[in-house]
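Visitor: below is the sequence, then the predicted model.
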Amino acid sequence: MLPVIALVGRPNVGKSTLFNRLTKSRDALVADFPGLTRDRHYGHGKVGPRPYLVVDTGGFEPVVKEGILHAMAKQTLQAIDESDLVIFLTDARQGLTPHDHEIAEKLRKSGRPVILAVNKSEGMRLSGAISEFYELGLGEPIAISSAHGEGVKSLLDYALEEV
Ligand code: GDP
Ligand code: MG
């Protein structure tokens with residue numbers, strides 16, 4: 001069984017962009033991996049030192065209807081639950097938000113190892129990009145740019161040491 005890495009974060013932080021950069025196929029066949037739910041977006045990892053599966057989640061996205069929000073959040077919580085590690089994506093341009101704090105709290109409760117990534121950091125001073133994210137209490141934030149590929153290999157090297 002390959003390690004499963006879930007990409008989690010609020011809307012528009014760049015989860016799908018990172019997913020596409022990390023994977024060689026957008027829709028990995030999960031038939032060979034019993035125990036994984038089929039209706040999520042899995043891919044085979046190609047960036048980093050060894051094979052893994054990566055899951056793109058959209059479940060913390062706020063929607064108007066309470067019921068749908070609940071169902072989507074449940075999907076993401078399930079994805080976290082069946083993952084071996086979570087990459088929690090935040091956005092250096094928008095900075096730290098209350099929603100990031102809420103997600104951090106859910107991740108802490110999950111008991112999964114969490115790697116905190118600060119995306120969209122291209123062209124920024126790295127120390128400036130990550131400084132406010134220490135407040136989440138999830139360890140050292142790692143600055144990346146999913147769109148440009150910067151920091152992505154180091155992120156995965158680091159993540160795969162944890163699983
Ligand atoms: P998701 O909602 O978390 O899946 O986010 P998406 O991957 O759909 O990205 C949301 C927006 O952010 C898109 O317009 C992306 O092009 C943009 N984006 C993603 N990664 C980066 C990045 O590293 N730098 C910048 N500047 N924009 C990015
Ligand atoms: Mg997305």
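Guide: Thanks, I have it. Ligands and ions are numbered 1, 2, ... in the order given.
Visitor: stretch 41-54 vs ligand 1: in contact?
Guide: No: applying CB under 6 Å from any ligand atom, one finds stretch 41-54 out of contact with ligand 1, separated by at least 10.0 Å. Quick note: C-beta positions are derived from backbone N, CA and C, even for glycine.
Visitor: buried residues of that stretch, list them for me.
Guide: Residues of stretch 41-54 classed as buried: 41, 42, 43, 45, 47, 48, 52, 53, 54 (neighbour count, 16 or more other CB atoms under 10 Å).
Visitor: do it and ligand 2 meet?
Guide: No: Stretch 41-54 stays clear of ligand 2 (CB under 5 Å from the ion), getting no nearer than 8.5 Å.
Visitor: and that stretch, how far out from the chain middle?
Guide: 13 Å (CA atoms, centre = their mean, to the nearest Å).
Visitor: kindly report the same for stretch 92-101.
Guide: 14 Å.
Visitor: endpoint to endpoint, that stretch covers what distance?
Guide: End-to-end distance of stretch 92-101: 15 Å, with CA to CA, to the nearest Å as the criterion.
Visitor: list the buried ones in it?
Guide: For stretch 92-101, by 16+ other CB under 10 Å, it's 92, 96, 99, 100.
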